[in-house]
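Q: Sequence and predicted model, in that order:
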2 protein chains.
Amino acid sequence: MSLLKENTNSQAATRIQKKNTTKIMNAALEVFSRNGFGGTTIDQIAKEAGLSKPNILYYFTSKEEIHLSLLQGLLDKWLEPLKKLEPLGNPISEITDYVQRKLEMSQEFPRESRLFAIEILQGAEHLKEFIKSDLQPLLEEKCGLIDHWVEQGLIAKVDSLHLIFSIWATTQHYADFDSQIKLISGEKYETRQSDASIYLKNLFSRLLTD
Amino acid sequence: MSLLKENTNSQAATRIQKKNTTKIMNAALEVFSRNGFGGTTIDQIAKEAGLSKPNILYYFTSKEEIHLSLLQGLLDKWLEPLKKLEPLGNPISEITDYVQRKLEMSQEFPRESRLFAIEILQGAEHLKEFIKSDLQPLLEEKCGLIDHWVEQGLIAKVDSLHLIFSIWATTQHYADFDSQIKLISGEKYETRQSDASIYLKNLFSRLLTD
DNA sequence: ATTTTCTTTGACCATTTGGTCAGAATCAGT
DNA sequence: ACTGATTCTGACCAAATGGTCAAAGAAAAT
């Protein structure tokens, strides 16, 4: 019986369930990341997924559930790059490597990046819990690490929180403002994207080197 | 007759028209900047403005018209800071002053900032024309100026386009990701905001100083 | 005070939207 | 081939939404 779904949330039992929930999540990511929750209709998701609306609602009980399920599946992935920032190794390359990872992530997963951006723009209603319980503590830890590096004179004096904000801002920019960058860079778009990595490495190296 | 409206678009004729269109634009800014076009209903605008839905539609013929009118009114303002970047004076302080102006703008007009951000996130459909006809040429000019400074050895070697992208990204971040910053900084929120200015000035000074 | 113009609204309409449901179609195991 | 479980869909529903309109209420002009 289909009660199985309720238990093993998103862990599809049958072959066909697995295939379709994947389809739906994919479509939902595409649509939610462009239009936000309120701006998205189930029909749009259905069309994108190539399924009928009732069929979508066979796998998920409501629009809200799709949305929630989608966010939940991404939270861990989103923290990964920061988690890898560690006390060992050269502090400056630890940080520039983090920049690198973040940039790669937003270039490789622009839809995911936009989804988070749009959620936060809209007031972070659905992410409040996650931010407070997961992001906030992790951030505190890593800021402590950076502060430590500053105290030891291993990197130039910086406000660690603002450093991280600026890393988020610059790296995400390439995914979130993609359409603007495309319009502006025109032909040179591809080249531009790969220059970003060099530019940002330079930007943060100079900031941190005394 | 109310045909006057059609002619003098947004230039309200009577006292009462002026008052109400202002109310509506204000409310629309609030709502659109959070929810985007598709996520916003006329009723939400009406409620925010303290007017009835039909009354809103007495002043504007459709939701689309409100949205368009709103964007149009903001375009010029949005280019202002970049326009003031000029060949005279110390290049480094020209650029850091630009950062300053952009930051002030996004802190003073967070809703406007979010409105642009959300438009671009959603594909910039309504801004394509503006970007190509106004932003793009202005940007080309100012990038030329920065390149010139680089050639003359007045500032360190940088990719001018990426420099501007990173200025946009970092300054807008404070408005666009406001809710996240609030959640993370907690009590220290106000202090944090004023630290931003110092941090960013440092960031870009170091980048540009050889 | 009266007329004319401008403003506001309740009632209404067509379409869209989130969601349900009975039954048809398909699948998996036997 | 048969049977029970799973998957899918057309038809449907109630609420929300963009928008209209006739007529009531205020302002301004006379």
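A: Good, I have the coordinates.

Q: Count the residues that sit near residue A:90.
A: 11 (other CB atoms under 10 Å in any protein chain shown). To be clear about C-beta, it is placed using only N, CA and C from the backbone, and glycine gets the same treatment.

Q: Over to residue A:119?
A: By other CB under 10 Å, neighbour count at residue A:119 equals 22.

Q: Any idea how many residues pack against residue A:176?
A: Residue A:176 has 26 neighbouring residues, counting by other CB under 10 Å.

Q: Please apply the same query to the one 5 residues further on.
A: Summarising burial for residue A:181: neighbours were counted as other CB under 10 Å, giving 20.

Q: just checking, it touches residue A:190?
A: No: judged on CB atoms under 8 Å, residue A:181 makes no contact with residue A:190 at a distance of 11.2 Å.

Q: Now look at stretch A:83-103 and say if it contacts chain B.
A: No: if you take CB under 8 Å from any CB of the partner chain as the test, stretch A:83-103 misses chain B, and the best it gets is 11.5 Å.

Q: quick one: contacts for the residue most central in space within chain A?
A: In chain A, the C-alpha nearest the mean C-alpha coordinate belongs to residue A:113, at 3.9 Å (CA atoms, centre = their mean). Residue A:113 is in contact with A:105-106, A:172, A:175-176, counting by CB atoms under 8 Å, 6 or more residues apart in numbering or on different chains.

Q: any weak-confidence spans in chain A?
A: Scanning chain A for pLDDT under 70 picks out the ranges A:1-12.

Q: So which residues of it form strands?
A: In chain A, no strands are defined using DSSP state E.

Q: Helices of that one, start to end?
A: In chain A, the helices defined using DSSP state H lie at A:3-7, A:15-35, A:42-49, A:53-59, A:63-83, A:91-108, A:110-121, A:128-130, A:136-151, A:160-176, A:178-185, A:189-208.

Q: Residue A:175 contacts residue A:107, doesn't it?
A: Yes: taking CB under 8 Å as the definition, residue A:175 is a contact partner of residue A:107 at 6.6 Å.

Q: what about the two, which has more around it?
A: The neighbour comparison of residue A:175 against residue A:107 (other CB under 10 Å) goes to residue A:175, with 23 against 17.

Q: Can you give me the distance of the more buried one to residue A:115?
A: Separation of residue A:175 from residue A:115 (CB to CB, to the nearest Å) stands at 10 Å.

Q: does any part of stretch A:68-82 sit near DNA strand C?
A: No: using CB under 7 Å from any atom of the strand, stretch A:68-82 stays clear of DNA strand C, with a minimum separation of 11.6 Å.

Q: That stretch: how far from the chain's middle?
A: Relative to the centre of its chain, stretch A:68-82 is centred 7 Å away, using CA atoms, centre = their mean, to the nearest Å.

Q: Let's see it as CSV, backbone CA atoms only.
A: Provided in CSV are the C-alpha atoms of stretch A:68-82 (Å, rounded to 0.1, in the frame of the first residue of the first chain):
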residue,chain,number,x,y,z
LEU,A,68,10.1,21.3,1.7
SER,A,69,11.4,18.0,0.5
LEU,A,70,13.5,19.8,-2.1
LEU,A,71,15.0,22.2,0.4
GLN,A,72,15.7,19.4,2.9
GLY,A,73,17.6,17.5,0.3
LEU,A,74,19.9,20.4,-0.4
LEU,A,75,20.8,21.7,3.0
ASP,A,76,23.7,19.3,3.7
LYS,A,77,25.2,19.8,0.3
TRP,A,78,25.1,23.5,0.9
LEU,A,79,27.2,23.4,4.1
GLU,A,80,29.8,21.0,2.7
PRO,A,81,32.3,23.5,1.3
LEU,A,82,32.4,25.5,4.6
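
Q: Would that stretch count as contacting chain B?
A: No: between stretch A:68-82 and chain B, judged by CB under 8 Å from any CB, nothing touches; the nearest distance is 12.1 Å.

Q: Quick check: buried residues in that stretch?
A: A:69-71, A:74, A:78, A:81-82 (16 or more other CB atoms under 10 Å in any protein chain shown).

Q: Distance to residue B:92 added to these, as JSON lines?
A: JSON lines is the format used below for the buried residues of stretch A:68-82 (distance: CB to CB, whole Å):
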{"residue": "A:69", "distance to residue B:92": "49"}
{"residue": "A:70", "distance to residue B:92": "45"}
{"residue": "A:71", "distance to residue B:92": "42"}
{"residue": "A:74", "distance to residue B:92": "40"}
{"residue": "A:78", "distance to residue B:92": "36"}
{"residue": "A:81", "distance to residue B:92": "32"}
{"residue": "A:82", "distance to residue B:92": "31"}
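
Q: between those residues, which is nearest DNA strand C?
A: Ranked by distance to DNA strand C (CB to the nearest atom of the strand), those are led by residue A:69 at 12.7 Å.

Q: So for stretch A:198-210, what gets flagged as buried?
A: Of all the residues in stretch A:198-210, those buried under the rule 16+ other CB under 10 Å are A:199-208.
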